[in-house]
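> predicted model and sequence below, questions to follow.
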Amino acid sequence: MDSSTALLVTAAVVAAALLAVALGLLVRLVRLRRTLRRAGLPTGPRWVFWGAVAYLLLPTDLLPDPVYLDDIAVLLLALRSLRAARPLPPGPTES
């Protein structure tokens, strides 16, 4: 096997592994979305959390990417807002 074939095989394996990780994260985010809806939290804290997730995925940052302090701070603030949120009161029940 020559070096170009080995490089191509290595790139394909890395791409497959990254795809598997991305799909796993997508499944977890969908489950988290359902959990947040069932928790009865107000809409505001949920939007803050999803905004933090979007900030983590966006290529632009306040600080360069080798320093993840801004990403961590945004996510921690979003989690703090979720924790401080009170569940919505139950709606009227149908009889």
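Here it is on my side, so go on. Source: prediction; values computed, not measured.
> can you tell me the element the residue nearest the centre of the chain falls in?
The residue lying closest to the centre of the chain (Cα atoms, centre = their mean) is residue 53, at 4.3 Å. Here residue 53 sits within helix 43-57, counting by DSSP states H and E.
> give me the residues contacting the helix or strand just after that helix.
Per DSSP H and E, the first helix or strand lying C-terminal to helix 43-57 is helix 69-84. Contacts with helix 69-84, where a contact means Cβ atoms under 8 Å, 6 or more residues apart in numbering, come from 36, 41, 44-46, 48-49, 51-53, 55-56, 61-63. C-beta coordinates here come from the backbone N, C-alpha and C atoms, glycine included.
> what residues sit buried inside helix 69-84?
Buried residues in helix 69-84, counted by 16 or more other Cβ atoms under 10 Å: 71, 74-75, 78, 81-82.
> ditto for stretch 29-44
residue 41.
> alpha carbons of it, as PDB, please.
C-alpha atoms of stretch 29-44 as PDB (Å, rounded to 0.1, in the frame of the first residue of the first chain):
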ATOM      1  CA  LEU A  29     -29.600  17.300  21.700                       C
ATOM      2  CA  VAL A  30     -33.000  16.100  20.400                       C
ATOM      3  CA  ARG A  31     -33.500  14.100  23.700                       C
ATOM      4  CA  LEU A  32     -32.500  17.200  25.700                       C
ATOM      5  CA  ARG A  33     -35.000  19.300  23.800                       C
ATOM      6  CA  ARG A  34     -37.800  16.900  24.700                       C
ATOM      7  CA  THR A  35     -36.600  16.900  28.400                       C
ATOM      8  CA  LEU A  36     -36.600  20.700  28.500                       C
ATOM      9  CA  ARG A  37     -40.100  20.800  27.100                       C
ATOM     10  CA  ARG A  38     -41.400  18.200  29.600                       C
ATOM     11  CA  ALA A  39     -39.800  20.100  32.500                       C
ATOM     12  CA  GLY A  40     -42.300  22.900  32.100                       C
ATOM     13  CA  LEU A  41     -39.700  25.600  32.100                       C
ATOM     14  CA  PRO A  42     -40.500  29.100  30.700                       C
ATOM     15  CA  THR A  43     -39.500  29.800  27.200                       C
ATOM     16  CA  GLY A  44     -36.900  32.400  28.000                       C
END
